[in-house]
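# Sequence first, predicted coordinates after that:
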Amino acid sequence: MATWNTQLRKGMLEFAILSLLARGESYGYKIVQSLRQLDGLDVHESTLYPILRRLRKDSLLLTRLADSSGGPPRRYFSLSPIGQRRLAEMNVEWDALAESIRRLREGDLEL
Amino acid sequence: MNLNADAQKRVDQYLAEVRRHLSSRPMDEREEIVRELEAHIHEALAARDAGSPDAADVEAVLKTMDSPESFNTSGGKEMPPPLPDPRTTAGCRPELAQYNMSVPLYLVLTIITCGIFNLYWNFQQMEACNRLLGREEFDFWMWLILCIVTCGIYHIIYQYKMGAAILEVQMREGVATFDSLPVLSVLTTALGIPFVADCIHQLEINKLVRPY
């Protein structure tokens, strides 16, 4: 139970990050805090920051540096046009998958 | 935000541990993640709104974060523990003191021997870097063969790698970094004055291995 649950939550993190950034740019610490407000997501620094790095390398995210009140500069992340397309695809996939599972659970399926 | 020495030391210690557990990843990736984590810690400390943070505040923030071990995705293949901090540990590196070399002397020997001594110099620098990195990043014989086969062009790449390796150790150890070292190494070598890069590398290595 715990294993598949954890895997599902981790797998959803990329989708969640892109969805969050579709609402506006944000930086690492704030992304962590925002996502931790949501139930069901498995948000850890050790998974989130490598994912942010990968999304940036894959050109799904754009970054800019800005001064913070103290400490190192903030790296703001935002969706690139490629990221926006990927998010749109994910939304379609998610809706289709959720609908399929709903039909299966409600018995709305001829066997 | 200014951290006192103890607080900064604890942050550096945490980041050094994370670096060690990320050692299977490429250096640029590793350093980007570490920079993000450092910013994360500072943001978390600022969010506590408790004035100038001390080591206890840092400890409290680190407790809410993943342990350094959590960053290890390589199945346990991390670097050996980092070397002691040269700023705080007197006489801590007698085993590496042999790599603390006189730059003027080596430069003169290189010129007198028409560059032959430079082979030995590079060998020593590779050994020093491998020891500092905790892995076999450089292989003298492979370097020599590739330099001969490529008529010296590989040496430009090697100088970049050497500069990047020294920078990696500087960042890992939390000492002053020479950020432009890899680029400077390439430029000086490409301009036909590789000895300048060797001298700069040696000066930086000396700072890392000097037995205080």
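Everything's here; your move.

# Which strand or helix spans the residue nearest the centre of chain B?
Residue closest to the mean C-alpha point of chain B, counted by CA atoms, centre = their mean, is residue B:169 at 1.3 Å. For residue B:169, the host element (DSSP states H and E) is helix B:153-173.

# Could I get the buried residue list for that helix?
B:154-156, B:158-173 (16 or more other CB atoms under 10 Å in any protein chain shown). Bear in mind the C-beta positions are built from the backbone N, C-alpha and C, glycine included.

# going on from that helix, what's the next piece of helix or strand?
helix B:181-190.

# Please compute how far that following helix lies from its chain's middle.
17 Å (CA atoms, centre = their mean, to the nearest Å).

# Remind me what that helix packs against, helices and strands.
Applying 3 or more CB pairs under 8 Å, 6 or more residues apart in numbering or on different chains; DSSP states H and E, one finds that helix B:181-190 contacts helix B:153-173, helix B:194-209.

# Contacts for that helix next, please.
B:155-156, B:159-164, B:166-167, B:194, B:196-197, B:200-201, B:204 (CB atoms under 8 Å, 6 or more residues apart in numbering or on different chains).

# out of the helices and strands packed on helix B:181-190, nearest to residue B:29?
helix B:153-173 (12.0 Å; CB to CB).

# how about the residues of chain A that lie near chain B?
Contacts of chain A with chain B, taken as CB under 8 Å from any CB of the partner chain, map to A:27-30, A:32, A:44-46, A:49-50, A:52-53, A:68-75.

# what stretches of chain A score poorly on pLDDT?
A:1-2, A:70, A:111 (pLDDT under 70).

# and residue A:109, how many neighbours does it have?
9 (other CB atoms under 10 Å in any protein chain shown).

# of all the contacts of helix B:181-190, which comes closest to chain A?
residue B:167 (17.1 Å; CB to the nearest CB).

# ok so, going back, any chance of the helices and strands packed on helix B:181-190 in JSON lines, with mean pLDDT too?
Listed next are the helices and strands packed on helix B:181-190 as JSON lines, based on pLDDT from 0 to 100:
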{"stretch": "helix B:153-173", "mean pLDDT": "87"}
{"stretch": "helix B:194-209", "mean pLDDT": "88"}
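
# Residue numbers of chain B in contact with chain A?
Going by CB under 8 Å from any CB, the residues of chain B near chain A are B:1-2, B:29, B:32-33, B:35-47, B:65-66, B:70-71, B:73.

# Check whether the residue nearest to the centre of chain B really touches residue B:209, as I assumed.
No. Counting by CB atoms under 8 Å, residue B:209 is not a contact partner of residue B:169; they are 9.8 Å apart.

# list residues touching both of the two?
Going by CB under 8 Å, 6+ apart, residues that sit against residue B:169 and also against residue B:209 are residue B:132.

# Just the pLDDT at the spatially closest residue to residue B:55 that is not a sequence neighbour, thanks.
Using CB to CB, 6 or more residues apart in numbering or on different chains and skipping residues adjacent in sequence, the residue nearest residue B:55 is residue B:6, 4.0 Å away. At residue B:6, the predicted lDDT confidence score is 85.

# One more: residue B:85?
For residue B:85, the predicted pLDDT is 50.

# before we move on, what about residue B:76?
51.

# before we move on, the earlier item: compute the inter-axis angle for the helix holding residue B:169 and helix B:194-209.
20 degrees (axes from the mean of the first three to the mean of the last three CA atoms, to 10 degrees).

# Quick check: which ranges of chain B have low pLDDT?
In chain B, residues with pLDDT under 70: B:1, B:50, B:74-95, B:174, B:210-212.

# Burial check on residue B:25, number of neighbours?
18.

# Ramachandran angles for it?
For residue B:25, the backbone dihedrals (degrees, to the nearest 10) come out as phi -90, psi 160.
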